[in-house]
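Asks: below is the sequence, then the predicted model.
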Amino acid sequence: MIRILLAEDDDVMREYLTRALERSGYAVTSVDRGTAALPLLERETFDLLLTDIVMPEMDGIELAQRCADIAPDTRVMFITGFAAVTLKAGKAMPQARVLSKPFHLRDLVLEVDRMFEVGNASGHI
């Protein structure tokens, strides 16, 4: 099973994303800030870091860069509602995907499916 580490400071958004991904067959561990994600990246193996970019304490770009050092095989997808930050993320982590808010949960799941070339079994969201 594909394991996702979700870092999102908005409680409601974090819950929605976790539920949608779990319903689609992904194992999700979620945290409310980047600094909470680091110890998990050091202890566990994740296939994907799904992170908001704008968060308190440590932004998603710094988290992704630290993730690349700790777990270089972990893929990265950013979610953000800020267009200017999207450009910064693209420059900092060119191999990462960026999904701009607002997005439909189905779009998120389809992007994750594409990253791991999963069949379209998640069309039920």
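Replies: Yep, it's here. Numbering: from 1, shown residues only.
Asks: where do the strands sit along the chain?
Replies: For the chain, strands defined by DSSP state E occupy the ranges 3-7, 27-31, 48-52, 75-80, 97-100.
Asks: pick the most deeply packed of the ones you listed.
Replies: With neighbours defined as mean count of other Cβ atoms under 10 Å, the strands of the chain peak in mean count at strand 48-52, which reaches a mean of 26. For every residue, glycine as well, the C-beta is placed using N, CA and C.
Asks: can you point me to the longest helix in this structure?
Replies: helix 11-23 (DSSP state H).
Asks: give the buried residues for it.
Replies: For helix 11-23, burial by neighbour count (16 or more other Cβ atoms under 10 Å) applies to 14, 17-18, 20-21.
Asks: likewise for stretch 81-94?
Replies: For stretch 81-94, by 16+ other Cβ under 10 Å, it's 85-86, 89, 92-93.
Asks: ok, now stretch 38-47?
Replies: By neighbour count on 16+ other Cβ under 10 Å, the buried set for stretch 38-47 is 38, 40-41, 46-47.
Asks: tell me the mean pLDDT for it?
Replies: Taken as a whole, stretch 38-47 has a mean pLDDT of 97.
Asks: can you give me the end-to-end span of it?
Replies: One end of stretch 38-47 to the other measures 15 Å (Cα to Cα, to the nearest Å).
Asks: go on, stretch 95-114?
Replies: End to end - Cα to Cα - stretch 95-114 spans 14 Å.
Asks: next, the buried residues of that stretch.
Replies: By 16+ other Cβ under 10 Å, the buried positions in stretch 95-114 come out as 96-98, 105, 108-113.
Asks: what's the farthest-apart pair in those?
Replies: Ala96 and Leu105 (19.9 Å; Cβ to Cβ).
Asks: got the CA coordinates for the worst-scoring helix or strand of the chain on mean pLDDT in PDB?
Replies: Counting by mean pLDDT, DSSP states H and E, the weakest-scoring helix or strand in the chain turns out to be helix 83-92, with a mean of 79. Extracted in PDB, the C-alpha atoms of helix 83-92 (Å, rounded to 0.1, in the frame of the first residue of the first chain):
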ATOM      1  CA  ALA A  83       0.000  31.700  -7.100                       C
ATOM      2  CA  ALA A  84       3.300  33.400  -6.300                       C
ATOM      3  CA  VAL A  85       4.300  30.600  -3.900                       C
ATOM      4  CA  THR A  86       3.600  28.100  -6.700                       C
ATOM      5  CA  LEU A  87       6.400  29.700  -8.800                       C
ATOM      6  CA  LYS A  88       8.800  29.600  -5.800                       C
ATOM      7  CA  ALA A  89       8.000  25.900  -5.200                       C
ATOM      8  CA  GLY A  90       8.600  25.100  -8.900                       C
ATOM      9  CA  LYS A  91      12.100  26.600  -8.700                       C
ATOM     10  CA  ALA A  92      13.000  25.100  -5.400                       C
END
